[in-house]
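Enquirer: This is a predicted model, with the sequence first.
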Amino acid sequence: MAEKNAVEAIQKALDESKKLERKFKQNVDIVINLKNIDMNDAKNRIEEEIVLPHGRGQESKVALIASGELAVKSKNLVDLLIKPEDISELAKDKKKFKKIVNDHDFFIAEASLMPTIGKTLGVVLGPRGKMPKPVPPTIDLTNIVKNLRSTVKVRSKGNVTFHTIAGKEDMPAEHIAENIEAIVKRLESKLERGRLNISSIFVKTSMGPSERVM
């Protein structure tokens, strides 16, 4: 991906978004199109978490499911703490839990709680690609949460076309371009033929037109 061309395409997409006033700060997304790859074969599907070098433009929201010392130590690190006694209640009130899942980007859980989470909350978390990252009860979550704040998930499912966040519209085009490059490099490392399996990549703001970057 030629950096100059990418920056120009991103800047054009950003300029287009400024023509219409929005009451919210738009995401800048990249849309990835693959080719010559069988997405019915599970091994070809993409499910990656990538730390963006310049962050998402707005930190991701992280929820923790934990008890005891881990819950106490990490309460101020995360956006939401779910205790073991809350699990059964949330499993019964799926509407409430779906809202929690939609409002949070990543989930972390005390490893010993994972079997319970899988049986009760997994039906909501799994299809959304948000099953918790298991951690031991004695771990310091500071660095894990810090990285997750700048992380995006790239998830293709069975589709050759999929998208993810590359930043926010108030970020410099150069920073968004470097974020995109980080995403593309990870994709290349996971695809059977690397960049040859990428047909095209477009960039767009949430409400704006798309511009080709590759």
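Expert: Okay, I see it.
Enquirer: where do the strands sit along this protein?
Expert: Secondary structure of the chain by DSSP state E: the strands cover 27-34, 47-51, 62-65, 80-82, 106-110, 133-135, 151-155, 161-168, 198-205, 210-212.
Enquirer: what does the worst-scoring helix or strand of the chain on mean pLDDT contact?
Expert: Using mean pLDDT, DSSP states H and E, the weakest-scoring helix or strand in the chain turns out to be helix 3-18, at a mean of 82. Helix 3-18 has contacts (C-beta atoms under 8 Å, 6 or more residues apart in numbering) with 26, 28, 169, 173-174, 176-177, 180-181, 203-205, 207-214. C-beta: built from backbone N, CA, C; applies to glycine.
Enquirer: Mark which of the residues you listed are buried, thanks.
Expert: Buried members of the contacts of helix 3-18, scored by 16 or more other C-beta atoms under 10 Å, are 26, 28, 169, 173, 176-177, 180-181, 203-205, 208, 210-211, 213-214.
Enquirer: just the angle between the lengthiest helix in the chain and strand 161-168, please?
Expert: Ranked by residue count and defined by DSSP state H, the top helix of the chain is helix 173-190. Counting by axes from the mean of the first three to the mean of the last three C-alpha atoms, to 10 degrees, helix 173-190 lies at 140 degrees to strand 161-168.
Enquirer: Not counting its neighbours along the chain, what's nearest residue 200?
Expert: Leaving aside its sequence neighbours, residue 200 sits nearest to residue 33 (C-beta to C-beta, 6 or more residues apart in numbering; 4.7 Å).
Enquirer: ok, back up a step: turn the strands of the chain into TSV, including mean pLDDT and distance to residue 16.
Expert: Converted to TSV, those look like this (pLDDT from 0 to 100; distance: least, C-beta to C-beta, whole Å):
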stretch	mean pLDDT	distance to residue 16
strand 27-34	96	12
strand 47-51	96	26
strand 62-65	98	32
strand 80-82	97	35
strand 106-110	98	31
strand 133-135	97	37
strand 151-155	96	22
strand 161-168	96	15
strand 198-205	95	7
strand 210-212	92	8
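Enquirer: of the ones you listed, which approaches residue 122 most closely?
Expert: The minimum distance between residue 122 and those falls on strand 106-110, with 10.9 Å, by C-beta to C-beta.
Enquirer: What are the structural domain limits within the protein?
Expert: 3-57+150-212, 62-148 (automatic domain parsing).
Enquirer: Could you list the buried residues of stretch 6-18?
Expert: By neighbour count on 16+ other C-beta under 10 Å, the buried set for stretch 6-18 is 6-7, 9-11, 13-14, 16-17.
Enquirer: Compile these into TSV and extend it with columns for distance to residue 195.
Expert: Below are the buried residues of stretch 6-18 laid out as TSV (distance: C-beta to C-beta, whole Å):
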residue	distance to residue 195
6	14
7	19
9	17
10	19
11	23
13	22
14	25
16	27
17	28
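Enquirer: The residue nearest to residue 200: neighbour count?
Expert: Residue 33: 15 surrounding residues under other C-beta atoms under 10 Å.
Enquirer: Compute the distance between it and residue 13, please.
Expert: Going from residue 33 to residue 13 by C-beta to C-beta, to the nearest Å gives 17 Å.
Enquirer: who's residue 198 bridged to?
Expert: Assessed by DSSP bridges, residue 198 has beta-bridge partners residue 34.
Enquirer: Report the contact partners of it.
Expert: 32-35, 184, 187-188, 191, 214.
Enquirer: Since that was my last question, I'll sign off now.
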